[in-house]
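Trainee: make a model of this:
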Amino acid sequence: MSDAYTTTLHCLTLKQLSDVEGLVAILDQNPDDVKSALEQAVSDGNAMAARGKFMITPAGRSTLDDTYPQWFADERASAEIASAMDLFESGVNKQVLALTTAWQEVEVAGERQPNDHSDTAYDAKIIDKLGAVLDKTSTVLAPLITTQPSVDRFLSRISDALTRAEDGELDYVSSVRIDSFHTVWFQMHEHILRITGRERDE
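Mentor: Below you'll find the model as predicted:
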């Protein structure tokens, strides 16, 4: 991806509400470029600022909607990428959603209850399965990664979160307060949907 201004707006749609550091982390942009882009976006009415955090405005979303078709024309015209997205949606994405639910809830006496994470063996199995799905995802999305290396950035961040979870930092599986596996996966999903011009299935 290029054009720091539009890329910064794009990142705002992925994180919803963020400070500069949070946006820099998404696609590893230059902090000064992000700051300048945000200042210009606020001036243009494409973003709002409050207490050091930023949010995209309806005008900013409209700007992106007008830009995406030209920006990602090649990806949207590719049958190979369309097939990869079909596989992503029907396979690995559904698996991650199911595993996240299994992580958050367990069945006790026939009833679903919040997972208190007292069963370390159960948690370890979920983390292992997430790792296996992540490995598959790199293969499934290979055609898109070839044209948009930015997708690989998300996979790397997801891998980092998984490593921390494997090391005992269990919040890195699904917490919305940090860049957990599930949080970054959600961002990546939104990223590739915007590239390919698709809507979420779920």
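Trainee: which helix or which strand is home to Lys35?
Mentor: Here Lys35, judged by DSSP states H and E, is contained in helix 31-44.
Trainee: so which helix or strand of this structure has the lowest pLDDT on average?
Mentor: strand 105-108 (a mean of 88; mean pLDDT, DSSP states H and E).
Trainee: list the buried residues of that one.
Mentor: By neighbour count on 16 or more other C-beta atoms under 10 Å, the buried set for strand 105-108 is Val106. All C-beta atoms are positioned from the backbone trio N, CA, C, and that covers glycine.
Trainee: send the alpha carbons of that strand over as CSV?
Mentor: Extracted C-alpha coordinates of strand 105-108, given in CSV (Å, rounded to 0.1, in the frame of the first residue of the first chain):
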residue,chain,number,x,y,z
GLU,A,105,-17.0,-20.6,26.9
VAL,A,106,-16.9,-24.3,28.0
GLU,A,107,-19.6,-26.8,28.5
VAL,A,108,-20.3,-27.9,32.1
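Trainee: tell me what it is packed against?
Mentor: Secondary-structure packing of strand 105-108 (3 or more C-beta pairs under 8 Å, 6 or more residues apart in numbering; DSSP states H and E): strand 111-114.
Trainee: mind checking what helix or strand follows the strand it packs on in sequence?
Mentor: According to DSSP H and E, the helix or strand after strand 111-114 is helix 120-140.
Trainee: what comes into contact with that following helix?
Mentor: 84, 87-88, 91-92, 95-96, 99, 102-103, 106, 115, 117, 145, 152, 155, 158-159, 162, 165-166, 170, 173, 181 (C-beta atoms under 8 Å, 6 or more residues apart in numbering).
Trainee: cross those residues against strands and list the overlap.
Mentor: Secondary structure assignment by DSSP state E places Val106 of the contacts of helix 120-140 in strands.
Trainee: hmm, which of the contacts of helix 120-140 are the buried ones?
Mentor: Buried residues within the contacts of helix 120-140, defined by neighbour count using 16+ other C-beta under 10 Å: 84, 87-88, 92, 95-96, 99, 102-103, 106, 115, 145, 152, 155, 158-159, 162, 165-166, 170, 173, 181.
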